[in-house]
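Student: next come a sequence and a model predicted from it.
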Amino acid sequence: MTKTIIDYYLNECINFVNKPENFQKMTEMKRLLSDIEKIETGTTEYEVIRETNLYRLLQYKPTKERAYKYPLLIVYALINKSYILDLQPNKSWVKYFLDQGISVYLIDWKSPGRYDKFTTIDDYVNLFIYECVEIVKNIENSDKVSLQGYCMGGTMSLIYTSLHQKNVKNLITIAPVVDTEKDKTVIKNMAQHMDIDKVLSHYENFPYELLYSCYASLKPFKQGVSKYLNLYNHLTDESFIQNFLRVEKWLYDTPPIAGETFRQWIKDIYQKNLFAKNKLVVGEDRINLSNVKVPLLNLVADQDHLVSPECSVSLNNLVSSTDTNLMRFSTGHVGLIASGYSQNVVLPKVGNWLKIH
Amino acid sequence: MQENDRAQKKVEKETASMPYVNDKFVSLFENFYKQLTELNKITSLGPFISLLNDPQINLNNMREYGNVLINYQIFLNKYLTQMINSYFLALEKVSEGMEGKDSEEIRKHIINSFEDVFSSMFESDDFSINYNNLVNIVIDLNKSYQKFFESSAPFLNKQSLSKEEKDLLFNNLYEIKKISLEIRNKINEKKND
């Protein structure tokens, strides 16, 4: 048994050593990966119109004449950084909407410091998102915004909408975390047995190192081995390299999560599934998803390994909106927002939906 | 101590059902843990009590630190055992399907086999429990080390605040920031009205 595998490895090693160009390729790959910090992301022009120690509100510069009445406010997740929505000009979620004549704003969450450990989901929703919506409404002289949330941002957008519906024209959720009892991912499995009180008795905020170790177990060999072999085989393809490095940079660029926020996220949403049961308490309010009555578009990735499709799909049956749409796509969690597939298949459908709502 | 015993019994039960770990190796470690736990019990007896209370010797903290280290070793062992078993299971799966494949196909087969086996492990309840136990015991270890360090060299910590003091400070800071943002939002609301 072992001999066959050893034979294979030896054979591969001999083949590798016999080609001197392989060493050059390895050196080049090492150089590319060690210079990853220098790679540029988020090339669409914007202005920071509000900045606190926990978030920035970005207003993107219009590229076309206004074609949609309501401004679009995107609520990004608290995990990783928001530049995935504007990775590069030909793979930019943000740019697509600008090119459709839609006014785009984005909440870019910043890393919480140790002193931000008491920041709660209530603060994120009822103070920060609330303030951003008011600012956008004032700038645009509009009574409502079109709200869009990705992953955790989708969940927070839902909480906001259930509490402040009069400010929301329509809601687009992208892979939101809703019904965690139906979630079959490794993340759910890890969260299920996590003693978050213990972790937060030692750390101020949930450390990014623990998030990384969780990511590393998601697709350990396809992510950890295959993709680098793929890079090795595409070292002459500049466009492939640039795209690879931008996504790679994003994957390893995640801030810690504010302690109290993550405590409620793990206990109430993942371990007790209170959000889907309409029992989640945020601040002084119990969140009832049936309060959501605005038009809803729910985008779900069928190969999502971070949020199970079933976990997001349940949403359409939990809200009271008479106009609900569920769009399922044959891609993954990141592919849904930052890929050629996203640009060619997902975004045109979302754009069309937005125009008629 | 009771916790240690319970953890040890669970380890014995679970490692016994694991297919690739050598029985003699497992039993050697079990005995080692037992000996250590027994040794740790001695410090709760007779003449040792006066020594325990001697701040210079600091035996209580050392004993606590020792117990945490033993538990750490137990959970780390469980974690590594799961990893090793999965590794051998994946190797077995690889060798079963290597026949008649060219080099590129074998590479894919290796990656897929390892992916399948390790993904099943990561998705299992057992792994999640073991991993979270390991995270918890590492936290205990850090806390215990900190305590031991603080009591051994109190003069080094005079300048810093305790965790509770820091938390109080952070909480006050948080409340001030929250109230100021609430006031700001209310003022803006009034302006808009």
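Tutor: Structure received.

Student: helices and strands of chain B: which one bottoms out on pLDDT?
Tutor: Using mean pLDDT, DSSP states H and E, the weakest-scoring helix or strand in chain B turns out to be helix B:2-16, at a mean of 53.

Student: residue contacts, residue A:89?
Tutor: In this structure, residue A:89 makes contact with A:43, A:44, A:95, judged by Cβ atoms under 8 Å, 6 or more residues apart in numbering or on different chains. Every residue, glycine included, has its C-beta placed from N, CA and C.

Student: now residue A:232: which helix or strand?
Tutor: Using DSSP states H and E, the secondary-structure element containing residue A:232 is helix A:227-233.

Student: correct me, but residue A:153 touches residue A:79?
Tutor: No. With contact defined as Cβ atoms under 8 Å, residue A:153 does not reach residue A:79; the gap is 9.4 Å.

Student: do you know how far residue A:7 is from residue A:13?
Tutor: As for residue A:7, its distance to residue A:13 is 11 Å (criterion: Cβ to Cβ, to the nearest Å).

Student: likewise for residue B:177?
Tutor: When Cβ to Cβ is the yardstick, residue B:177 and residue A:13 sit 58 Å from each other.

Student: and the two? which has more neighbours close in?
Tutor: Of the pair residue B:177 and residue A:13, residue B:177 is the one with more neighbours under other Cβ atoms under 10 Å in any protein chain shown, namely 19 against 10.

Student: which element is that one on?
Tutor: With elements taken from DSSP H and E, the one containing residue B:177 is helix B:163-192.

Student: for residue A:255, give me its contacts.
Tutor: Contacts of residue A:255 were listed using Cβ under 8 Å, 6+ apart, and they are A:78, A:81, A:109, A:110, A:111, A:112, A:208.

Student: quick check: the second one touching residue A:249?
Tutor: Spelled out, that is residue A:81. No. In this structure, residue A:81 is not within contact of residue A:249 by Cβ under 8 Å, at 9.1 Å.

Student: sketch out the low-pLDDT regions of chain B for me.
Tutor: Along chain B, segments meeting pLDDT under 70 span B:1-27, B:29-30, B:34, B:36-58, B:152-159, B:193.

Student: helix, strand, or coil at the closest residue to residue A:56 other than its chain neighbours?
Tutor: Computed as Cβ to Cβ, 6 or more residues apart in numbering or on different chains, the closest residue to residue A:56 that is not its neighbour in sequence is residue A:108, at 4.5 Å. Residue A:108 falls in the strand class when you classify it by DSSP: H, G, I helix; E, B strand; the rest coil.

Student: walk me through the domains of chain B.
Tutor: Using automatic domain parsing, the domain ranges for chain B come out as B:2-160, B:161-193.

Student: check which helices and strands the helix or strand harbouring residue B:94 sits against.
Tutor: Residue B:94 belongs to helix B:59-96 when elements are defined using DSSP H and E. Applying 3 or more Cβ pairs under 8 Å, 6 or more residues apart in numbering or on different chains; DSSP states H and E, one finds that helix B:59-96 contacts helix A:2-17, helix B:2-16, helix B:23-42, helix B:48-52, helix B:103-123, helix B:125-152.

Student: what residues sit buried inside that helix?
Tutor: By 16 or more other Cβ atoms under 10 Å in any protein chain shown, the buried positions in helix B:59-96 come out as B:59-72, B:74-75, B:77-78, B:81-82, B:85-86, B:89-91, B:93-95.

Student: for the closest residue to residue A:332 other than its chain neighbours, what are its contacts?
Tutor: Spatial nearest neighbour of residue A:332, excluding adjacent residues (Cβ to Cβ, 6+ apart): residue A:303 at 4.7 Å. The contact partners of residue A:303, by Cβ under 8 Å, 6+ apart, come to A:330, A:331, A:332, A:335.

Student: buried subset of the residues you listed?
Tutor: A:331, A:332, A:335.

Student: can you tell me the element the residue nearest to residue A:183 when sequence neighbours are not counted falls in?
Tutor: For residue A:183, ignoring the flanking residues on the chain, the nearest one in space by Cβ to Cβ, 6+ apart is residue A:311 at 4.0 Å. In this structure, residue A:311 sits in helix A:309-313 according to DSSP H and E.

Student: which other helices and strands contact that helix?
Tutor: For helix A:309-313, the packing partners by 3+ Cβ pairs under 8 Å, 6+ apart come out as strand A:296-301, strand A:324-329.

Student: those strands: which one's closest to chain B?
Tutor: strand A:296-301 (17.9 Å; Cβ to the nearest Cβ).

Student: Provide the strand pairings for that closest one, with the direction of each partner.
Tutor: In the sheet containing strand A:296-301, its partner strands are strand A:168-174 (parallel), strand A:324-329 (parallel), by DSSP bridges.

Student: and residue A:354, which of those strands is closest to it?
Tutor: Between residue A:354 and those, the tightest spacing by Cβ to Cβ is seen for strand A:168-174, at 7.4 Å.

Student: skip ahead from the closest one and say which helix or strand is next.
Tutor: With DSSP H and E, the next secondary element past strand A:168-174 is helix A:186-192.

Student: hmm, that next one in reach of chain B?
Tutor: Yes. If you take Cβ under 8 Å from any Cβ of the partner chain as the test, helix A:186-192 does meet chain B, through A:186, A:189, A:190, A:192.

Student: now residue A:134. Nearest residue, chain neighbours left out?
Tutor: With Cβ to Cβ, 6+ apart as the criterion, residue A:134 has its nearest non-adjacent residue at 5.7 Å, and that residue is residue B:188.

Student: number of nearby residues for that neighbour?
Tutor: Other residues lying near residue B:188 total 14 when counted by other Cβ under 10 Å.

Student: quick one, what contacts it?
Tutor: Under the criterion of Cβ under 8 Å, 6+ apart, the contact list for residue B:188 reads A:131, A:134, A:138.

Student: for residue B:169, same thing?
Tutor: Residue B:169 is in contact with A:115, B:161, counting by Cβ under 8 Å, 6+ apart.

Student: any weak-confidence spans in chain A?
Tutor: By pLDDT under 70, the low-scoring segments of chain A are A:1-3.

Student: and the strands in it, which stretches?
Tutor: Shown for chain A, the strands assigned by DSSP state E span residues A:46-51, A:55-60, A:72-75, A:86-88, A:91-92, A:104-109, A:145-150, A:168-174, A:281-282, A:285-286, A:296-301, A:324-329.
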